[in-house]
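Student: Sharing a model that was predicted from the sequence below.
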Amino acid sequence: MAKDKKFVEAITSMDEDFAQWYTDIVRKADLADYSSVRGCMIIRPYGYAIWERIQGELDRRFKETGHENVYMPMFIPESLLQKEKDHVEGFAPEVAWITHGGSEQLTERLCVRPTSETLFCDHYKNIVQSYRDLPKLYNQWCSVVRWEKTTRPFLRTVEFLWQEGHTVHATAEEAEEETLRMLNVYASFCEEVLAIPVVKGRKTEKEKFAGAKATYTIESLMHDGKALQSGTSHNFGDGFARAFGIQYLDKDNQLKYAHQTSWGVTTRLIGALIMVHGDDSGLVLPPRVAPVQLVIIPVQQHVEGVLEKAYELRERLSRVCRVKVDDSDRMPGWKFSEHEMRGIPLRLEVGPKDIEKNQVVLVKRENREKLFVSMEDLETMIPRLMDDIQKSLYNKALKHMEERTFTAKDLDELERKINEKQGFIKAMWCGDEACEDKVKERTSATARCIPFEQEITGDKCLCCGKDAKHMVIWGRAY
RNA sequence: CGAGGUGUAGCGCAGUUGGUAGCGCGCUUGGUUUGGGACCAAGAUGCCGGGGGUUCGAGUCCUCUCACCUCGACCA
């Protein structure tokens, strides 16, 4: 990480205390603040701007793959929530209940949605009659509530923002295709926009979503070697359709159950951005997700012509990037630190000396590399630099993930390696949940996923020694 | 839900044996400054988390309570 001398002591070093480092960034980069509601945070303008970037990029990809946005109620009648047995069992412990409307007790309790499968199903039941009605490809942007006991800004809060896609299809094949298509949308979004490499795979039975036939996941690795589930896509088969009676008349005049999927990502992705790219000076944002890509810092801004030049550059460069001028009356050094904490990819310094030489100073956030660039070259230079930074951040993260991916042939080795250095551990598994439990008990690592790209590292289960069925990535997770 | 910790100015903290509240940062005003968190001067800011007690007197002692943080068990 940044060996450069630390200019400001506002953020705890990540080697000293990773959790504190994380919290410091959340607050110093103005992403979020604590609220007066337990476990709920206030997403501040800068944090919300990042979410809007994420929303914009994802929403475009959803539309490109044929999805439409809708909005469902925030409340679910208790009877509706209970229709699918596994689903309600999975969520019951963490739902918030509304018992009163005004001063009157409700005849039926309402739950504040922890997820909206049941609402979508209830609606699909009404609008799906014929194979001609299928598929239905809906998505909604909303917040959901899960009464979590332990919370952390962005990573786990009682209320959080997300999108949930819910689709209905005629056949099992189409549903499976959709499930994987959306997982791939998430994966390419994470890699291309957030510059976060991911491992794609399937969740084990134990880890899959309550009520799903199969859950697919993208897992990413944080700087401290802990895993973060960054997005999931579920294939429900016809389980919900049977519970809710979603049937359609097919071409062959047979009444058939529909097949469904759901998929979601949350504001947790902002936590991932912090923990994958951040350093001891603060947040580091990949240009494609940064609300501000270039900040112009006038130096000696009281000198005639300096501010004017800064505004002129803003005008010119706003055509090639998202740009801001910091013309507050802070010291330049203060501004440097401030915008580094906020992770702005590129800084442009312009002062009397530069104007005289018809140049500016560009400084890359990721490594503080300094470039002296002629005024004329900025329009061509800046977009190129953005691309370079984007790639460089991805490559750094990928290298880190590779360096922190180990293999283990048995439980002892897994335990030893994970205690030595946290990361992804590849190990063979027989498929038995008892072995999965034992791994967790011994090492507190869980099965992150069964990667699509299976790399056979042995033929025996790491735990029981019986014949192995899958290679699993294990890790301690957020 | 278990274990630990913290609540005093916007933030971080100090506050002795119980005697009526202080420091740093930030904030305001004026001036000098400006290429890595400038300096000087003058200011403003407190239901000491909340309730109840002990006491002539409580930030301080007792008691109850609430909130938040961190780490574990459960989860995106």
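Tutor: Great, that's in hand.
Student: other SSEs contacting the helix or strand of chain A with the lowest mean pLDDT?
Tutor: When the helices and strands of chain A are compared on mean pLDDT, DSSP states H and E, strand A:32-34 comes out lowest with a mean of 82. Applying 3 or more C-beta pairs under 8 Å, 6 or more residues apart in numbering; DSSP states H and E, we find strand A:32-34 packed against strand A:41-43. Quick note: C-beta positions are derived from backbone N, CA and C, even for glycine.
Student: how far does the strand it packs on sit from the chain's center?
Tutor: Mean-position distance between strand A:41-43 and its chain equals 17 Å (C-alpha atoms, centre = their mean, to the nearest Å).
Student: so what's the spatially closest residue to residue A:433 that is not a sequence neighbour up against?
Tutor: In this structure, residue A:433 finds its nearest non-sequential neighbour in residue A:206, 5.4 Å apart by C-beta to C-beta, 6 or more residues apart in numbering. Neighbouring residues of residue A:206 by C-beta atoms under 8 Å, 6 or more residues apart in numbering: A:433, A:436, A:437, A:447.
Student: so after the one helix or strand the last one maps to, what's the next helix or strand?
Tutor: Taking DSSP states H and E as the definition, residue A:447 sits inside strand A:446-451. Counting by DSSP H and E, the next helix or strand C-terminal to strand A:446-451 is strand A:470-475.
Student: That next one and RNA strand B in contact?
Tutor: No - with C-beta under 7 Å from any atom of the strand as the criterion, RNA strand B is not reached by strand A:470-475; the gap is at least 11.9 Å.
Student: could you give the mean pLDDT of that strand?
Tutor: Strand A:470-475 shows a mean pLDDT of 95.
Student: List the neighbouring strands of it plus their orientation.
Tutor: strand A:424-429 (antiparallel), strand A:446-451 (antiparallel) (DSSP bridges).
Student: buried set for that strand?
Tutor: By 16 or more other C-beta atoms under 10 Å, the buried positions in strand A:470-475 come out as A:470, A:471, A:472, A:473, A:474, A:475.
Student: Helices along chain A, start to end?
Tutor: A:18-28, A:45-64, A:78-81, A:85-91, A:117-127, A:172-192, A:239-244, A:268-277, A:306-317, A:332-341, A:352-357, A:378-403, A:411-420, A:433-443 (DSSP state H).
Student: Who are the packing partners of the shortest one?
Tutor: Packed against helix A:78-81, as judged by 3+ C-beta pairs under 8 Å, 6+ apart, are the following elements: helix A:85-91, strand A:104-112, helix A:117-127.
Student: Tell me which of the ones you listed sits nearest to RNA strand B.
Tutor: helix A:85-91 (6.9 Å; C-beta to the nearest atom of the strand).
Student: which residues sit against the closest one?
Tutor: A:81-82, A:114-115, A:117-118, A:146, A:209-211, A:239-240, A:243.
Student: Residue A:396: which of those is nearest?
Tutor: Nearest to residue A:396 out of the contacts of helix A:85-91 is residue A:209 (C-beta to C-beta; 31.9 Å).
Student: Residues of the stretch 51-200 of chain A that sit close to RNA strand B?
Tutor: Counting by C-beta under 7 Å from any atom of the strand, the stretch 51-200 of chain A sits next to RNA strand B at A:90, A:93-94, A:146, A:148-152, A:155-158, A:160.
Student: so residue A:108 sits right up against residue A:80, yeah?
Tutor: No - using C-beta atoms under 8 Å as the test, residue A:108 is too far from residue A:80 to be in contact (9.4 Å).
Student: Neighbour count: the two, which is higher?
Tutor: Between residue A:108 and residue A:80, counted using other C-beta atoms under 10 Å, the more crowded position is residue A:80 (19 against 10).
Student: how close does that one sit to residue A:243?
Tutor: 10 Å (C-beta to C-beta, to the nearest Å).
Student: what bits of chain A have low per-residue confidence?
Tutor: Scanning chain A for pLDDT under 70 picks out the ranges A:1-6, A:8-9.
Student: centroid residue for chain A?
Tutor: residue A:269 (2.2 Å; C-alpha atoms, centre = their mean).
Student: centre of the chain versus stretch A:305-323, how much separation?
Tutor: Going by C-alpha atoms, centre = their mean, where stretch A:305-323 is centred and where its chain is centred differ by 32 Å.
Student: RNA strand B contacts on the stretch 201-350 of chain A?
Tutor: So far as C-beta under 7 Å from any atom of the strand goes, the stretch 201-350 of chain A lies against RNA strand B at A:209, A:229, A:232, A:264, A:266-268, A:281, A:299-302, A:329-338, A:340-341, A:349-350.
Student: For residue A:291, which non-adjacent residue is closest in space?
Tutor: Of all residues not flanking residue A:291 in the chain, residue A:49 sits nearest, at 3.7 Å (C-beta to C-beta, 6+ apart).
Student: before we move on, what about residue A:138?
Tutor: Nearest residue to residue A:138 in three dimensions, chain neighbours excluded: residue A:70, at 4.9 Å (C-beta to C-beta, 6+ apart).
Student: Okay, the one you found and residue A:285: tell me how far apart.
Tutor: 31 Å.
Student: now swap in residue A:195 and tell me
Tutor: Distance, residue A:195 to residue A:285, using C-beta to C-beta: 9 Å.
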